[in-house]
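I would like to see how this sequence folds:
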Amino acid sequence: MKKLNAIKKGLVGFVVLGLILTSCNKDEDAPEITNQVEETQEVQKSAEIDQVDNILGDLIIDAYEGQEVSETGRGNYTGDIPPCVTITVLAEQGYREVTLDFGTEGCLVNGHILKGQIIFDYTRDPEAQQISINYNLLDFYFDDKNVIGSRSILKELSNENGNPQFTHSLEVTVIWPSGVQASREGTRIREWVEGFGSGIFSDNVFEITGNWTATFVNGNTHTYEVITPLRREVICTYFVSGSFDVQRTNFGGLFDYGNGDCDNQATFTFNNGTEIEITLN
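The predicted structure follows:
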């Protein structure tokens with residue numbers, strides 16, 4: 001009987017020990033799962049900054065091309081800037097300052113409500129192979145996100161592929177209503193691969209490469225490098241294809257926009273091979 005009781009006690013102890021170990025393993029796994037969720041949310045926030053970059057770039061290029069066509073009188077140009085945007089041009093000899101005013105109530109642009117102003121200037125030289133366009137954001141909001149930035153774009157009339165190209169310096173800070181804040185620095189190269197010279201902005205397609213860093217207000221810093229060129233079709237709010245690598249300490253993976261569909265779906269594959277679906281706002 002004593003021997004049986006000892007066996008029973010041993011079994012109970014083994015079961016309790018197993019439960020403790022299982023509980024410990026769950027507790028140990030919980031921070032990793034939580035961190036993955038938090039990190040993925042930050043990557044998604046960075047994808048939202050991509051939307052801001054895309055539309056800012058579209059608007060400036062559209063307004064610049066429209067202004068140049070109107071001055072040269074060569075052909076017609078149908079821009080994609082909605083009539084709710086007030087465009088003002090300050091023209092001096094060899095210099096242009098263009099203001100895009102979206103008003104304080106906001107203007108609907110490609111499915112997003114924009115408020116405030118974009119002000120850009122450049123030295124006009126129709127024969128130059130390169131033009132530097134500098135712009136500032138004044139009280140600017142993209143939907144409910146406050147966007148702060150002062151940046152430059154270098155336009156090349158023809159790159160090694162024979163296409164127009166825009167090199168964007170990335171210096172922008174985005175503040176979400178929740179208090180989340182991220183700053184981005186780096187370079188994006190936007191190659192104009194389709195639609196150039198058609199006189200219609202809405203048929204344009206760009207391929208984007210480059211690398212940049214996003215720093216969040218909590219101190220987390222992510223590095224990004226485009227692996228497959230990001231395809232930007234102006235008629236679509238989101239990238240339709242392409243991928244970029246994301247890395248930071250103890251975290252990383254590949255963000256992929258898919259194979260050509262215009263939708264808000266993407267995937268993120270962690271370095272360990274785990275893949276999750278991402279829905280973009």
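
can we go C-alpha only for contacts and neighbour counts from here?
Fine.

residue 158 is in contact with residue 192, isn't it?
No. Here residue 158 does not reach residue 192: they are 9.6 Å apart, not a contact under CA atoms under 8 Å.

which neighbours do those two share?
Here residue 158 and residue 192 share the contacting residues 164, 165, scored by CA atoms under 8 Å, 6 or more residues apart in numbering.

tell me which of these two has more neighbours.
Set residue 158 next to residue 192 and count neighbours by other CA atoms under 10 Å: residue 192 wins out with 20 against 15.

so what pLDDT did that one get?
Residue 192 carries a pLDDT score of 95 in this model.

tell me what it is bridged to.
residue 206 (DSSP bridges).

now it: how far from residue 206?
Residue 192 is 5 Å from residue 206, where distance means CA to CA, to the nearest Å.

for stretch 62-72, buried residues please.
For stretch 62-72, a neighbour-count test (16 or more other CA atoms under 10 Å) marks 62, 63, 64, 65, 66, 67 as buried.

now do the SS call for the fifth one.
Three-state secondary structure (criterion: DSSP: H, G, I helix; E, B strand; the rest coil) places residue 66 in helix.

skipping its backbone neighbours, what lies nearest it in space?
Residue nearest to residue 66 in three dimensions, not counting chain neighbours: residue 77, with 6.2 Å by CA to CA, 6 or more residues apart in numbering.

in contact with the one you found, which residues?
Here residue 77 is in contact with 66, 69, 70, 199, 200, 201 (CA under 8 Å, 6+ apart).

now swap in residue 190 and tell me
165, 166, 167, 168, 206, 207, 208, 209.

the third one pairs with what?
Right, residue 167. Per DSSP bridges, the residues bridged to residue 167 are residue 154, residue 189.

ok, and the helix or strand in the protein with the lowest average confidence?
helix 2-72 (a mean of 63; mean pLDDT, DSSP states H and E).

extract the C-alpha set from the next helix-or-strand element following that helix and format it as PDB.
Using DSSP states H and E, the helix or strand that follows helix 2-72 in sequence is strand 86-92. Below are the C-alpha coordinates for strand 86-92, written out as PDB (Å, rounded to 0.1, in the frame of the first residue of the first chain):
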ATOM      1  CA  THR A  86      -6.800  75.500 -55.800                       C
ATOM      2  CA  ILE A  87      -3.500  75.900 -57.800                       C
ATOM      3  CA  THR A  88      -1.600  79.200 -57.600                       C
ATOM      4  CA  VAL A  89       1.500  79.900 -59.600                       C
ATOM      5  CA  LEU A  90       4.100  82.600 -58.700                       C
ATOM      6  CA  ALA A  91       6.100  83.200 -61.900                       C
ATOM      7  CA  GLU A  92       9.400  85.200 -62.000                       C
END
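
partner strands of strand 86-92, parallel or antiparallel?
Sheet pairing here is set by DSSP bridges, and for strand 86-92 it gives strand 95-101 (antiparallel).

return the set of buried residues in the partner strand.
For strand 95-101, by 16+ other CA under 10 Å, it's 96, 97, 98, 99, 100, 101.

over to stretch 225-245?
Across stretch 225-245, burial judged by 16+ other CA under 10 Å covers 225-234, 236-245.
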